[in-house]
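Enquirer: prediction below, plus the sequence it came from.
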Amino acid sequence: MTPLIQSRESLEKLVYNYIRYLEAERHASPYTVRNYTHDLRHYLEFLEMENVATLGEVDRHVLRSYIASLQEHGFEKSSVSRKLSALRSFYSYLMQQNLIDSNPLLTVCAPKLDKRLPSFLSSDEVTHLLEIPDITTPQGQRDRAMLEVLYASGLRVSEIVGLNLDNINIETREIRVWGKGSKERMVLIGKPADSALDIYLRDGRRRLLGNSRTEALFVNRYGRRLSERFLQKAISKYAIKAGLDKRVFPHMVRHSFATHLLDGGADLRVVQELLGHANLSTTQIYTHVTQNQARKVYLAAHPRAKKEE
């Protein structure tokens with residue numbers, strides 16, 4: 001079978017169709033869509049520079065050259081791995097559509113990633129962060145509620161900004177959320193998050209909405225749904241005000257949620273379910289964090305450990 005893709009314009013069109021497929025069929029998050037779009041366009045630019053005219057000309061040698069080019073330009077192993085993930089998904093789509101005869105990525109391995117433990121905040125740092133928003137203002141009520149829910153539930157940034165009013169059950173302190181791959185799960189919140197949400201819903205949200213109408217839970221001053229970027233900037237701003245000597249981002253709060261649960265004796269599979277991880281191995285990274293933390297506490301507190309050190 002001769003590949004149907006013969007020009008840069010048709011390649012661009014194919015990438016466009018693939019991205020629409022990700023959104024409509026795979027229900028990919030906006031974050032994934034944005035990254036895959038950028039990665040695939042970068043890949044097409046490489047093919048053009050290498051004078052590769054069709055996807056049928058791509059073999060393992062071309063792909064290895066692409067990986068080498070990424071490394072030469074200073075891309076981290078994690079970035080290279082992500083770009084290859086985008087290509088694997090893209091080529092699987094091409095195979096499904098019968099646009100290529102074989103998948104050249106089957107013989108190409110991603111660079112082995114260094115094991116990095118996720119960064120997280122201590123309980124005291126989280127407390128300082130949550131106390132910063134000024135709850136005398138509607139924006140502060142919203143931000144306090146948003147931060148409390150983020151830490152109480154461990155939601156992803158895309159999940160929390162995507163929440164609607166009917167996802168929240170204040171009485172049972174439950175939140176229904178659709179995560180990656182449109183998988184539904186229930187997460188829980190405690191009394192502080194519940195109280196912050198109640199104040200925001202009764203006062204702050206109503207004042208922010210004005211005459212606007214939306215089902216979005218968290219809204220901006222124009223009465224529209226908050227963006228992921230807004231949440232990222234807000235957390236960074238509050239972390240600075242709280243005097244935290246580290247860069248804080250939403251996923252760090254999610255890491256803190258998981259780490260603190262395990263530190264408190266939670267079962268790993270329960271944490272997996274709350275985080276919405278498809279594989280237990282993804283959740284297990286937090287056991288390394290808690291073990292590492294336990295070692296630090298032991299070495300600092302045990303008198304015989306101090307002597308050995």
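Expert: In hand now; what should we look at?
Enquirer: contacts only, for the nearest residue in space to residue 284 that is not next to it in sequence.
Expert: Using CB to CB, 6 or more residues apart in numbering and skipping residues adjacent in sequence, the residue nearest residue 284 is residue 268, 6.9 Å away. Placement of C-beta: from N, CA and C, glycine included. By CB atoms under 8 Å, 6 or more residues apart in numbering, the contact list for residue 268 reads 262, 280, 283, 284, 287.
Enquirer: next: residue 187.
Expert: 153, 154, 155, 174, 175, 177, 274.
Enquirer: list only buried entries from those residues.
Expert: Listed as buried from the contacts of residue 187 are 153, 154, 155, 175, 177, 274; burial here means 16 or more other CB atoms under 10 Å.
Enquirer: name the helix or strand for the fourth one, please.
Expert: The reference is to residue 175. Assigned by DSSP states H and E, residue 175 belongs to strand 174-178.
Enquirer: please name every helix or strand in contact with that strand.
Expert: If you count contacts as 3 or more CB pairs under 8 Å, 6 or more residues apart in numbering; DSSP states H and E, strand 174-178 packs onto helix 138-153, strand 168-169, strand 184-188.
Enquirer: now do that strand against helix 138-153, angle only.
Expert: 80 degrees (axes from the mean of the first three to the mean of the last three CA atoms, to 10 degrees).
Enquirer: list just the nearest of the buried ones among the contacts of residue 187 to residue 102.
Expert: For those, the closest approach to residue 102 (CB to CB) belongs to residue 177, at 39.0 Å.
Enquirer: any weak-confidence spans in this protein?
Expert: 1-9, 110-117, 181-182, 288-298, 300-309 (pLDDT under 70).
Enquirer: ok, the most centrally placed residue in it - contacts?
Expert: Residue closest to the mean C-alpha point of the chain, counted by CA atoms, centre = their mean, is residue 156 at 5.5 Å. Residue 156 makes contacts with 29, 179, 180, 250, 251, 254, 276, as judged by CB under 8 Å, 6+ apart.
Enquirer: just give the nearest non-adjacent residue to the first one, would you?
Expert: It stands for residue 29. residue 158 (4.7 Å).
Enquirer: check contacts around the one you found.
Expert: By CB under 8 Å, 6+ apart, the contact set of residue 158 is 29, 30, 31, 228.
Enquirer: can I get the residues you listed in CSV with distance to residue 128?
Expert: Below are these laid out as CSV (distance: CB to CB, whole Å):
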residue, distance to residue 128
29, 30
30, 30
31, 28
228, 24
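Enquirer: buried ones among those residues?
Expert: With burial judged by 16+ other CB under 10 Å, the buried subset of the contacts of residue 158 is 29, 228.
Enquirer: follow-up on the earlier one: deepest of the helices and strands packed on strand 174-178, which one?
Expert: Across the helices and strands packed on strand 174-178, the average number of neighbours (mean count of other CB atoms under 10 Å) peaks for helix 138-153, which reaches a mean of 23.
Enquirer: so where do the helices sit in the stretch 51-200 of the chain?
Expert: Secondary structure of the stretch 51-200 of the chain (DSSP state H, counting those that start in this stretch): helices at 60-72, 77-96, 123-130, 138-153, 157-161, 191-199.
Enquirer: residue 279: neighbour count?
Expert: 8 (other CB atoms under 10 Å).
Enquirer: any idea how far residue 269 is from it?
Expert: Counting by CB to CB, to the nearest Å, the gap from residue 279 to residue 269 is 11 Å.
Enquirer: now do the contacts for residue 87.
Expert: 39, 40, 43, 63, 105.
Enquirer: give the contact list for the first one.
Expert: Looking back up the chat, that one is residue 39. So residue 39 contacts 82, 83, 86, 87 (CB under 8 Å, 6+ apart).
Enquirer: buried residues of the helix or strand hosting it, list them for me.
Expert: Element membership for residue 39 (DSSP H and E) is helix 30-49. The neighbour-count check on helix 30-49 (16+ other CB under 10 Å) flags 32, 35, 36, 37, 39, 40, 43, 44, 46, 47 as buried.
Enquirer: now do that helix: distance to the chain's middle.
Expert: Distance of helix 30-49 from the chain centroid (CA atoms, centre = their mean, to the nearest Å) equals 19 Å.
Enquirer: now the angle from it to helix 77-96?
Expert: 80 degrees.
Enquirer: only C-alpha atoms, please: export helix 30-49 in CSV.
Expert: What follows is helix 30-49, C-alpha atoms only, in CSV (Å, rounded to 0.1, in the frame of the first residue of the first chain):
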residue,chain,number,x,y,z
PRO,A,30,-6.6,20.4,26.8
TYR,A,31,-3.1,20.0,28.2
THR,A,32,-2.5,16.8,26.2
VAL,A,33,-4.0,18.3,23.0
ARG,A,34,-1.8,21.4,23.3
ASN,A,35,1.4,19.3,23.9
TYR,A,36,0.7,16.8,21.2
THR,A,37,-0.1,19.5,18.7
HIS,A,38,3.2,21.2,19.5
ASP,A,39,5.2,18.0,19.4
LEU,A,40,3.8,16.8,16.1
ARG,A,41,4.4,20.1,14.4
HIS,A,42,8.0,20.0,15.7
TYR,A,43,8.3,16.5,14.2
LEU,A,44,7.0,17.6,10.8
GLU,A,45,9.6,20.4,10.8
PHE,A,46,12.3,17.9,11.4
LEU,A,47,11.1,15.7,8.5
GLU,A,48,11.1,18.8,6.2
MET,A,49,14.7,19.6,7.2
